[in-house]
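Chemist: whatever this is, show me its structure:
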Amino acid sequence: MEFATPLIPARLIRRYKRFLADVTLPDGREVVAHCPNPGAMMGLADAGMKIWLEPNEDPKKKLKYGWRLVDHENGHFTGIDTSVPNKALKAALTEYTVAGLPPYDLVRPEVKYADNSRIDFLLSGQGADTYVEVKSVTLMRKAGLAEFPDSVTARGAKHLDALSQMVREGHRAVMLYLVQRTDCAALKLAADIDASYSHAFDAARKTGVQVLVFDCAIDPGGVTLRRALPFLEA
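Modeler: Numbering: from 1, shown residues only. Below is the predicted model:
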C-alpha cells in the first residue's frame, strides 16, 4: 500500500484531544495535523519525535496534514494510522499472499454480520466463508515485543465475541493482528492493560477462532504486509 501523496518530515510538538497534533514543518512553520489513532500511543507521542506527514489539498478537509509515521531515527518506523492495516491487508489479499488463510475466490470488505457489526473482510468462494477481523498494533514496552491493546477496548472484545458466533454457525473466523512496527519479532496480549479483552480472547480461541500475526515493511513510501510473527501465550 503506497501513500497517496508523498510524505514530508516534521517534528512533533504535542498530541492532544486524541486526534490532533501540533507539529513543526521543515520550513519552521507550526501547523495542526490530524492524528488518525484514538489509542494511548505510549512511546509514540513524545515531544521532539521525528514524524512523517501526508499533505492533502482536499477542500473538504479542515486539516491539511495527516500524521502517518513515527521515525525512530534508528532505521525503524511505526505506522500510527489505524486505517492502514486494512488497506495493506486488502492489497495482500487481492494478491493471495497472506499465509495461513484458507483458499478463497472473493474478498469483500465491511460486510454486515453477527449483531449488526461489520467484519473487516469476508473471504468466500471455496468451502466455508472466512471472517477476518484486523487490529493495528503499535505498542512496544519491551524491546522486540509488540503488545495489544494499548488501552481498554470494549469494541475489540465485542469483535472477538462476534467471531466466536461465526465459528459456532459453522464458518471460519480469524483474528489478524498487524504489527505496524519494524522493530518487533513477536506479539503478546497486554492483559494488564485490558483484562476483559484478554478473557474475551481466550474464550474466542477455545471456540475455534484462529489467530494470525504479521508485521509490515514500513517507510515514507508506504506500508506492506511482510512476514508472519509468533503469538506468545501468557
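Chemist: dead centre of this structure: give me the residue that sits there.
Modeler: Ser136 (1.7 Å; C-alpha atoms, centre = their mean).
Chemist: what strand or helix carries it?
Modeler: Applying DSSP states H and E as the criterion places Ser136 in strand 130-137.
Chemist: and that strand, average pLDDT?
Modeler: Across strand 130-137, the average pLDDT comes to 97.
Chemist: now swap in stretch 172-184 and tell me
Modeler: Stretch 172-184 comes out at a mean pLDDT of 98.
Chemist: same thing with stretch 192-199?
Modeler: The predicted model gives stretch 192-199 an average pLDDT of 98.
Chemist: neighbouring strands of the strand holding Ser136 in the sheet, and parallel or not?
Modeler: The pairing partners recorded for strand 130-137 under DSSP bridges are strand 117-124 (antiparallel), strand 172-179 (parallel).
Chemist: what is the subsequent helix or strand relative to it?
Modeler: Once strand 130-137 ends, the next helix or strand along the chain (criterion: DSSP H and E) is strand 139-142.
Chemist: where do the helices sit along this protein?
Modeler: For the chain, helices defined by DSSP state H occupy the ranges 84-94, 154-168, 195-207.
Chemist: redo these as JSON lines? Include distance to Leu69.
Modeler: All C-beta spots, glycine's among them, are computed from the backbone N, C-alpha and C. Below are the helices of the chain laid out as JSON lines (distance: least, C-beta to C-beta, whole Å):
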{"stretch": "helix 84-94", "distance to Leu69": "10"}
{"stretch": "helix 154-168", "distance to Leu69": "23"}
{"stretch": "helix 195-207", "distance to Leu69": "26"}
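Chemist: show me the contacts for Gln18.
Modeler: One correction, residue 18 is Arg, not Gln. With contacts defined as C-beta atoms under 8 Å, 6 or more residues apart in numbering, Arg18 is in contact with Cys35, Asn37, Pro38.
Chemist: same thing but at 10 Å, please
Modeler: The contact partners of Arg18, by C-beta atoms under 10 Å, 6 or more residues apart in numbering, come to Cys35, Asn37, Pro38, Gly39, Ala40, Met41.
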